[in-house]
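Trainee: Sequence and computational prediction follow.
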Amino acid sequence: MNRIEPQRVKRGVDFILKDQKPNGSWNENTAHTAFAILALREAGYKDGAIARGIEYLKNVQSEQGGFRRIGKEDDPLSIYTAVVLCAMKESGLDKEDGAVRKALEWLRSCQNQDGGFGMKKDAPSLAISTAWSLRAFFAYGYGMDSDFVRKAVDWLINAQKPSGGFGLNPQAPEDPEITAYVILGLNPIKEVKDRLLMAKKYLEKVQEPDGSFISGTPIQFNRVPKKNTQTTCFVAWALSEMK
């Protein structure tokens, strides 16, 4: 909304800043922290909250290089690592930064033989984790001339349905939020623009009369599709990048 509703953006930024924890995180959650940083950067904010958020993320990075969902609990996840990498890039960290280098190396090691990425290393490939992994790789300069990138793109394209939407995997039904993630992941690639236009038409078709979108992707829903803000925001983000 940054160029459409500046006053609402300012209120949102104020809320995000107030919601930051003393340790620099948002909700002790690496993805929440990364998305907060991305939102602040998109709104043009450059003050210390971003630096504190990046410092928190560096402090909870696993020895392998990946990032977990909550602080230092459980196993690293590819999607959380990818989102953190996107936030680090927007914050000005380049490939020479130690945390970035370790995260990129770990993320590359998560690619499956079929070209996709699972949530955890060696887990079955999913569109959500493959799309975000690609977005992180593109952010750090990897392109279609890299074999591992091309393999990931091919896997994602195979998950597209006749409707134009994308499912969690090639066997799963299409979903608006998954489709938005794929658009965010594939948008830099000129060779797949026709596929993305199909995805856009699918999203236009399934949009609710009030402008929202229904999805079962948010983890709080236990895969029960509901109208929700998260999905609607990601769809708006994806479509705005296609312009």
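Mentor: Cool, the structure landed. Residues are numbered from 1 along each chain as shown.

Trainee: contacts, neighbours, all on C-alpha from now
Mentor: Noted.

Trainee: just the helices in the protein please.
Mentor: Listed in chain order, the helices of the chain (DSSP state H) span residues 6-19, 30-42, 48-60, 78-90, 98-109, 127-139, 147-157, 176-186, 193-206, 229-241.

Trainee: Residue 169 is nearest to which of the ones you listed?
Mentor: helix 127-139 (5.7 Å; Cα to Cα).

Trainee: distance between that closest one and the chain's centre?
Mentor: Helix 127-139 sits 7 Å away from the centroid of its parent chain (Cα atoms, centre = their mean, to the nearest Å).

Trainee: so it versus helix 147-157, what angle?
Mentor: 140 degrees (axes from the mean of the first three to the mean of the last three Cα atoms, to 10 degrees).

Trainee: Tell me which other helices or strands helix 127-139 touches.
Mentor: Helices and strands touching helix 127-139, by 3 or more Cα pairs under 8 Å, 6 or more residues apart in numbering; DSSP states H and E, are helix 78-90, helix 147-157, helix 176-186.

Trainee: Domain parsing of the chain, as residue ranges.
Mentor: For the chain, the structural domains run 1-109, 142-243, going by automatic domain parsing.

Trainee: With mean pLDDT, distance to residue 121 and mean neighbour count as added columns, please give these in CSV.
Mentor: What follows is the domains of the chain, written out as CSV (pLDDT from 0 to 100; distance: least, Cα to Cα, whole Å; neighbours: other Cα atoms under 10 Å):
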stretch, mean pLDDT, distance to residue 121, mean neighbour count
domain 1-109, 93, 7, 18
domain 142-243, 94, 15, 17
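
Trainee: Give me the most central residue, the chain.
Mentor: residue 132 (4.4 Å; Cα atoms, centre = their mean).

Trainee: can you tell me which residues contact residue 76?
Mentor: Neighbouring residues of residue 76 by Cα atoms under 8 Å, 6 or more residues apart in numbering: 62, 66, 67, 68, 69, 120.

Trainee: returning to what we had before: of the helices of the chain, which is nearest residue 212?
Mentor: Comparing those by Cα to Cα, helix 229-241 comes nearest, at 5.4 Å.

Trainee: got the angle for the closest one vs helix 176-186?
Mentor: Here the directions of helix 229-241 and helix 176-186 differ by 30 degrees (the same axes, to 10 degrees).

Trainee: quick one: buried residues of stretch 127-142?
Mentor: Residues 127-140 are the ones in stretch 127-142 that count as buried (16 or more other Cα atoms under 10 Å).

Trainee: before we move on, back to that, in CSV: the helices of the chain, plus distance to residue 218.
Mentor: Output for the helices of the chain, formatted as CSV (distance: least, Cα to Cα, whole Å):
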stretch, distance to residue 218
helix 6-19, 20
helix 30-42, 13
helix 48-60, 22
helix 78-90, 14
helix 98-109, 23
helix 127-139, 12
helix 147-157, 20
helix 176-186, 9
helix 193-206, 17
helix 229-241, 7
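
Trainee: All set now, cheers.
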